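Q: This is a predicted model, with the sequence first.
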Amino acid sequence: MAQSVGAARGSSRSGNFLLALVVLGAAAACGGGGSGGEPGAVTAQAPQPGADPATGAASSDPDPDRRPNLVLIVADDLGWSDLGAFGGEIPTPNLDALAAGGMMLTQFYANQSCAPTRAMLMSGTDAHRAGLGSLGAPRQGPQAGAPGYEGQLSFRVASMADLLKDAGYHTYMTGKWHLGTTPENSPHARGFERSFVSLTGAAHLGSLSWGGPGLAPYRVDDYEDTFNVGDDFYSTEFYTDQMIDYIDGNHGDGQPFFAFLAYTAPHWPLQAPPESIAKFEGRYDEGYDVLHARRLERAKELGLIPEDFTAEGPPDGEPRWDELDDAERARRARYMEIFAAMVSDLDSYIGEFVDYLDSIGELDNTFILFMSDNGAEGWEISRYQNWVDRCCDNSFDNLGAGDSYVLYGRNWAWAGAPPFRRQKFTAFEGGIRVPAFVNFPGRVPAGTRNDIVGSAMDVLPTFLELAGTEHPGTSYRGQSVHPPHGRSLVPEFTGTGDVDDDEYVIGWELSGNRAIRQGDWKMTWDANAPDGERGWALFNLADDPAEQFDLKASEPEQFAHMVTLWHEYERDNGVIVTSGLNSTD
């Protein structure tokens, strides 16, 4: 069983570093080169760490001649309203403080799923251009062997880690890679100086694989062989501690660093130390219907949505809370208790990371961007039942342990996304609009919000501008590459200018689910719709952020324009739409 969060305080870094040394030794032998306080409401206006609590101002003046450290923190399957700053009830005081001390991004987009988003982050381009037009490389059909469907980060794009390393940055990564499983497509091969990664994702306590027989593979640095972690492994804790060790190893040499913390929490299977889960016992006994209503009201109180906003109702075909018997209600409430524990622990360990930066005098010169890699995950455990029956003990008292396998399902995901519609894998807002914020003491104004349409593609150009370097354009290291489609948001973040928003076009496609957005207009295709009902729907997000009112009949000219934009996006990015997810298109 993993070490408890409470017991890890003060001693976890040295213990985990020893585990890393053991892992490295094992790899060489094979021949290869917190908890965050009691549950309760948290104000979204907590002071910035290291700031004047009365004013929120940075505690020291920034040095304009120092290049900033760059930190990218990505949560996995975190819903729009799971953080306190975005209306959630889970205690996330550290993330809320960072958001309140910086700028919340209220229209920030990821892709529909994890790997495509990570490809967008590393390349600054659409996922299809970067090799992740699908989850994995298709083995048959028109996508098989086609450019953009390699299932790994393509060398037709320059990696952000390579570019920042070229610019004189230390480059570190811990967490989920999901952009290639071979040494030739490892983080080290794409520019990360130090890395400890789960290649495709894994369970959180111990070494259980996500989706099939065997143990989850990990890779360290440039070692060719993969390895498995021990039973005392807790992903959120270890990824944080290992990143601190990486930074500590070079601190003081005068070089800035780029740190990519790619957490797997709170992705399924839901697992957390028992002490973490116990803090939430009974918190969700009223069910997902009540939770959705409370988060919606809290979002209104925070001014994230209008007072008269009405959200989409519960998922079709799913049982309401009062339709369940007592045993099923208790079981489903436990699922959400585990999820909340994972989010709370994520917040605590990010708080430890921020405290570390403060302790070494680097926080005031560090730009932090936090985001989720997609919307809330709504799959049911039945999808993996054959594997669960073989691998795990899902008795009630064992739920959340390292040998359990829990997904919380569509209803809790619905409660995790208000005010938006649908969840992960769809191109509706609930699947792609994610909680995000930036923090840069003294240079990003504290306590602000920005509604510019931003996306994962904008992160690379933004980080390059902050680093004082440029993308090479169409050629890198002797071969052709795609230039970024994203644009730097530094002027918006620092108040030094405006970034064109009205003409910016962004598109999505994954397994037939697709969308295109320009300005307030968005056109969405639901590949899960019943036969005969599948097709484009047009929405004005300024008036209808939950995408409930299809305007294609009443706005024919705008609809025709959006169709044209879609075909341009499809052509420019090599999109090949197939019959995924029941689509006959």
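A: Perfect, I can see it now.

Q: Can you give me the buried ones in stretch 202-211?
A: Residues of stretch 202-211 classed as buried by neighbour count (16 or more other C-beta atoms under 10 Å): 202-210. C-beta here means a position set from N, CA and C on the backbone, and glycine is covered the same way.

Q: Need the distance between the two termini of that stretch.
A: Counting by C-alpha to C-alpha, to the nearest Å, the length from the leading to the trailing residue of stretch 202-211 is 9 Å.

Q: Need the contact partners of that stretch.
A: Counting contacts by C-beta atoms under 8 Å, 6 or more residues apart in numbering, the residues outside stretch 202-211 that touch it are 1-2, 200-201, 215-216, 218, 228-236, 264-265, 268-269, 271-273, 342, 384, 387, 391-392, 401-403, 405.

Q: Can you pull the phi/psi pair for the residue nearest to residue 257 when sequence neighbours are not counted?
A: Distance criterion C-beta to C-beta, 6 or more residues apart in numbering; nearest residue to residue 257, sequence neighbours excluded, is residue 170 at 4.1 Å. Recorded main-chain torsions at residue 170 are phi -70, psi 140, according to degrees, to the nearest 10.

Q: if I look at residue 170, how far off is residue 238?
A: 20 Å (C-beta to C-beta, to the nearest Å).

Q: cool, and residue 120?
A: 26 Å.

Q: Which one's more surrounded, those two?
A: Taking neighbours as other C-beta atoms under 10 Å, residue 120 and residue 238 compare with residue 120 leading, 30 against 25.

Q: Just to be sure, the more buried one is in a helix?
A: Yes. Following the definition DSSP: H, G, I helix; E, B strand; the rest coil, residue 120 is counted among the residues of a helix.

Q: need the contact list for the residue lying closest to it once chain neighbours are set aside.
A: Here the nearest residue to residue 120 in space, its sequence neighbours aside, is residue 456; by C-beta to C-beta, 6+ apart that works out to 3.9 Å. Going by C-beta under 8 Å, 6+ apart, residue 456 touches 109-111, 117, 120-121, 371, 486.

Q: among the contacts of stretch 202-211, which are in strands?
A: Secondary structure assignment (DSSP state E) places residue 218 from those within strands.

Q: Just the ones of the contacts of stretch 202-211 in helices?
A: Counting by DSSP state H, the members of these that fall within helices are 235-236, 342, 387, 391.

Q: Tell me the secondary structure at residue 175.
A: Three states are possible here, and by three-state DSSP the one that applies to residue 175 is strand.

Q: Quick check: beta-bridge partners of it?
A: When bridges are assigned using DSSP bridges, the partners listed for residue 175 are residue 197, residue 262.

Q: Which residues are in contact with it?
A: Taking C-beta under 8 Å, 6+ apart as the contact definition, residue 175 lies against 74, 197-198, 235, 239, 260-264.

Q: go again using 6 Å as the cut-off
A: When contacts are counted by C-beta atoms under 6 Å, 6 or more residues apart in numbering, residue 175 touches 239, 261-263.

Q: Give me the distance between it and residue 307.
A: In this view, residue 175 and residue 307 are 39 Å apart by C-beta to C-beta.

Q: Who are the packing partners of the strand or helix carrying residue 350?
A: In the assignment (DSSP states H and E), residue 350 maps to helix 326-359. With contacts defined as 3 or more C-beta pairs under 6 Å, 6 or more residues apart in numbering; DSSP states H and E, the packing partners of helix 326-359 are helix 93-100, helix 235-250, helix 274-278.

Q: again, only using 8 Å
A: Here helix 326-359 touches strand 69-75, helix 93-100, helix 235-250, helix 274-278, helix 288-301, strand 366-372, helix 409-415, going by 3 or more C-beta pairs under 8 Å, 6 or more residues apart in numbering; DSSP states H and E.

Q: May I see the buried residues of the fourth one?
A: Which is helix 274-278. Using 16+ other C-beta under 10 Å as the burial criterion, the residues of helix 274-278 that qualify are 276-277.

Q: Just the C-alphas of it, formatted as PDB.
A: Listed in PDB are the C-alpha atoms of helix 274-278, where the atom choice follows Å, rounded to 0.1, in the frame of the first residue of the first chain:
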ATOM      1  CA  PRO A 274      -7.100   5.700   2.800                       C
ATOM      2  CA  GLU A 275      -6.300   8.700   4.900                       C
ATOM      3  CA  SER A 276      -7.100  11.000   2.000                       C
ATOM      4  CA  ILE A 277     -10.400   9.200   1.200                       C
ATOM      5  CA  ALA A 278     -11.500   9.300   4.800                       C
END
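
Q: model confidence over that helix, on average?
A: Mean pLDDT, computed over helix 274-278, is 97.

Q: How far away from the center of its chain is it?
A: Relative to the centre of its chain, helix 274-278 is centred 24 Å away, using C-alpha atoms, centre = their mean, to the nearest Å.

Q: what does stretch 152-159 contact?
A: Contacts of stretch 152-159 from elsewhere in the structure, counted by C-beta under 8 Å, 6+ apart, are 118-119, 122-125, 129-132, 137, 147-148, 179-182, 185, 190-191, 471-472, 476-477, 479-482.

Q: re the thing from before, what is the orientation angle of the helix holding residue 350 with helix 235-250?
A: 10 degrees (axes from the mean of the first three to the mean of the last three C-alpha atoms, to 10 degrees).

Q: ok now helix 326-359, how far from the chain's centre?
A: The chain centre lies 15 Å from the centre of helix 326-359; the measure is C-alpha atoms, centre = their mean.

Q: in that helix, what's buried?
A: 329, 332-354, 356-357.

Q: backbone phi and psi for residue 82, please?
A: Reported as degrees, to the nearest 10, the phi and psi values for residue 82 are phi -80, psi -20.

Q: Can you say which of the helices and strands packed on helix 326-359 is nearest to residue 223?
A: Residue 223 lies closest, by C-beta to C-beta, to one member of the helices and strands packed on helix 326-359: helix 235-250, at 14.6 Å.

Q: Pull that closest one out as PDB, backbone CA atoms only.
A: Listed in PDB are the C-alpha atoms of helix 235-250, where the atom choice follows Å, rounded to 0.1, in the frame of the first residue of the first chain:
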ATOM      1  CA  SER A 235       1.800   8.900  -8.600                       C
ATOM      2  CA  THR A 236       0.900  12.400  -7.400                       C
ATOM      3  CA  GLU A 237       3.400  12.400  -4.600                       C
ATOM      4  CA  PHE A 238       6.200  10.800  -6.600                       C
ATOM      5  CA  TYR A 239       5.900  13.100  -9.700                       C
ATOM      6  CA  THR A 240       6.000  16.100  -7.500                       C
ATOM      7  CA  ASP A 241       9.000  15.000  -5.400                       C
ATOM      8  CA  GLN A 242      11.000  13.800  -8.500                       C
ATOM      9  CA  MET A 243      10.400  17.200 -10.200                       C
ATOM     10  CA  ILE A 244      11.700  19.000  -7.100                       C
ATOM     11  CA  ASP A 245      14.800  16.700  -7.100                       C
ATOM     12  CA  TYR A 246      15.400  17.500 -10.800                       C
ATOM     13  CA  ILE A 247      15.200  21.300 -10.200                       C
ATOM     14  CA  ASP A 248      17.300  21.000  -7.000                       C
ATOM     15  CA  GLY A 249      20.100  19.200  -8.800                       C
ATOM     16  CA  ASN A 250      20.900  22.200 -11.000                       C
END
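
Q: what about it, distance to the chain center?
A: Between the mean C-alpha location of helix 235-250 and the chain-wide mean there is a distance of 19 Å, by C-alpha atoms, centre = their mean.

Q: And residue 463, which helix or strand is it part of?
A: Assigned by DSSP H and E, residue 463 belongs to helix 459-467.

Q: Please verify my assumption that residue 548 contacts residue 313.
A: No. Shown here, residue 548 and residue 313 do not form a contact pair, counting by C-beta atoms under 8 Å, at 9.8 Å.
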